[in-house]
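Peer 1: No sequence on hand, only this structure:
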Ligand SMILES: [Mn+2]
């Protein structure tokens with residue numbers, strides 16, 4: 001994105017003194033790391049900033065929030081005192097509805113809202129939606145914005161932004177990774193931040209039971225006849241048997257992309273009366289498109305949706321039907 005994008009974004013934000021930064025519900029490291037880095041940058045410029053999310057952070061992301069920069073909405077309402085935001089910044093999503101039910105309701109009284117995001121959006125509104133779909137992560141946009149503000153990165157900002165980009169690119173594996181991404185990473189590392197700290201926190205904190213669950217799930221991995229779609233299914237009973245939670249299975253899908261000729265990888269996860277579907281793809285296959293058709297959304301190479309399972313319906317039938325639609329979609333894309 002050209003410089004004018006960042007200059008406009010910077011000018012927009014710096015008009016305000018009291019700023020609230022939020023992200024999508026069930027936030028990932030891109031949202032959280034971006035919130036932390038932007039909040040530190042704006043505080044350094046003398047702004048009063050609160051980072052507020054619909055819910056508490058998942059335990060696996062707590063290490064990013066050592067300084068307790070991010071509050072749940074409930075916590076924030078208790079500690080904010082007379083703080084009244086003049087500007088709301090929504091990060092890593094472009095719809096207010098994605099901030100969560102409680103957050104959306106709280107934000108509904110504020111007029112000045114901007115979105116900083118890299119997800120595709122049909123009708124971005126000028127001066128409201130600062131969207132760069134080419135950015136590998138929202139963390140990359142925030143990193144460039146901080147540089148545009150003339151600030152130097154701190155180690156804490158670097159860890160947040162590095163983790164944001166690491167997670168959103170599946171450890172630098174997606175085609176969204178460019179020279180701009182790596183140039184920014186180089187600057188982040190100049191702060192003395194250790195790549196292994198981020199990597200080990202995110203990927204290296206598994207329990208043995210979780211390793212056994214991964215083995216069990218991958219053992220049951222399936223492919224279609226053409227061997228270009230691979231999928232795994234994780235049922236509630238698997239989680240119970242291996243004393244794991246649905247959060248532990250977050251990155252399992254990435255293992256499927258190493259299969260020869262695979263174009264789309266799918267992971268179905270049973271979550272109460274829902275089935276969560278995550279998809280990854282190689283090459284020109286845009287799984288964001290099929291995810292949208294199935295009621296969800298995402299990027300070209302990483303997308304997701306959720307199916308509600310009505311009473312009396314069989315989850316496996318829902319899985320089979322969606323696989324058929326994904327296969328039709330793939331055949332029409334090849
Ligand atoms: Mn993102």
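Peer 2: Ah, there it is. It should be emphasised that the depicted structure is a prediction, and the values quoted were computed from it without experimental measurement. Numbers count the residues shown, from 1 in each chain.
Peer 1: how about the strands in the stretch 151-300 of the chain?
Peer 2: 222-223, 229-234, 264-271, 274-281, 297-298 (DSSP state E, counting those that start in this stretch).
Peer 1: quick one, which of the ones you listed is nearest to the ion?
Peer 2: strand 297-298 (9.4 Å; C-beta to the ion). Quick note: C-beta positions are derived from backbone N, CA and C, even for glycine.
Peer 1: Paired strands for that closest one, with orientation please.
Peer 2: Using DSSP bridges, the strands paired with strand 297-298 are strand 302-308 (antiparallel).
Peer 1: Could you save the strands of the stretch 151-300 of the chain as CSV and add columns showing mean pLDDT?
Peer 2: Listed next are those as CSV, based on pLDDT from 0 to 100:
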stretch, mean pLDDT
strand 222-223, 98
strand 229-234, 98
strand 264-271, 97
strand 274-281, 96
strand 297-298, 84
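Peer 1: want to throw these into JSON lines with mean neighbour count?
Peer 2: Shown next, in JSON lines, are the strands of the stretch 151-300 of the chain (neighbours: other C-beta atoms under 10 Å):
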{"stretch": "strand 222-223", "mean neighbour count": "12"}
{"stretch": "strand 229-234", "mean neighbour count": "22"}
{"stretch": "strand 264-271", "mean neighbour count": "22"}
{"stretch": "strand 274-281", "mean neighbour count": "22"}
{"stretch": "strand 297-298", "mean neighbour count": "20"}
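Peer 1: What sits closest to residue 73 if chain neighbours are left out?
Peer 2: Leaving aside its sequence neighbours, residue 73 sits nearest to residue 102 (C-beta to C-beta, 6 or more residues apart in numbering; 5.2 Å).
Peer 1: Export the strands of the stretch 151-300 of the chain as a markdown table, with columns for distance to the ion.
Peer 2: Converted to a markdown table, these look like this (distance: least, C-beta to the ion, whole Å):
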| stretch | distance to the ion |
| --- | --- |
| strand 222-223 | 29 |
| strand 229-234 | 23 |
| strand 264-271 | 18 |
| strand 274-281 | 14 |
| strand 297-298 | 9 |
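Peer 1: Give the full set of residues in contact with the residue of the chain found nearest the ion.
Peer 2: Using C-beta to the ion, the single residue of the chain nearest to the ion is residue 30, 3.5 Å away. Residue 30 sits next to 92, 137, 138, 139, 164, 165, 167, 168 when contact means C-beta atoms under 8 Å, 6 or more residues apart in numbering.
Peer 1: show me the contacts for the first one.
Peer 2: When the contact criterion is C-beta under 8 Å, 6+ apart, the partners of residue 92 are 23, 24, 27, 28, 30, 31, 34, 116, 117, 118, 119, 138.
Peer 1: So for the last one, what's the pLDDT?
Peer 2: At residue 138 the predicted local distance difference test score is 98.
Peer 1: quick revisit: what residues of the helix or strand harbouring the residue nearest to residue 73 count as buried?
Peer 2: Here residue 102, judged by DSSP states H and E, is contained in helix 101-107. Going by neighbour count (16 or more other C-beta atoms under 10 Å), the buried part of helix 101-107 is 102, 103, 104, 106, 107.
Peer 1: Show me what that helix packs onto, helices and strands only.
Peer 2: Judged by 3 or more C-beta pairs under 8 Å, 6 or more residues apart in numbering; DSSP states H and E, helix 101-107 is in contact with helix 73-79.
Peer 1: next one: phi and psi at the residue nearest to residue 85 when sequence neighbours are not counted?
Peer 2: Counting by C-beta to C-beta, 6+ apart, residue 85 lies nearest to residue 20, which is 3.8 Å off, once chain neighbours are set aside. Dihedral angles of residue 20 (phi, psi; degrees, to the nearest 10) stand at phi -110, psi 130.
Peer 1: ok, now residue 50?
Peer 2: phi -130, psi 130.
Peer 1: How about the contacts made by the closest residue to it other than its chain neighbours?
Peer 2: Spatial nearest neighbour of residue 50, excluding adjacent residues (C-beta to C-beta, 6+ apart): residue 20 at 5.2 Å. Shown in contact with residue 20 (C-beta under 8 Å, 6+ apart): 49, 50, 51, 52, 85, 87, 88, 89, 110.
Peer 1: cool, residue 93 as well?
Peer 2: Per C-beta under 8 Å, 6+ apart, neighbours of residue 93: 23, 24, 31, 99, 115, 117, 119.
Peer 1: Any chance you could list what contacts the helix or strand encompassing the fifth one?
Peer 2: Secondary structure assigned from DSSP H and E places residue 115 in strand 113-117. Residues outside strand 113-117 that contact it (C-beta under 8 Å, 6+ apart) are 9, 12-13, 34, 87-94, 96, 107, 127-131, 138, 141-142, 145.
Peer 1: For PyMOL, what selects the buried ones among those?
Peer 2: Buried members of the contacts of strand 113-117, defined by 16+ other C-beta under 10 Å, are picked up in PyMOL with:
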select buried, resi 9+12+13+34+87+88+89+90+91+92+93+94+96+107+129+130+131+138+141+142+145
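Peer 1: show me which of the contacts of strand 113-117 neighbour the ion.
Peer 2: 92, 138 (C-beta under 5 Å from the ion).
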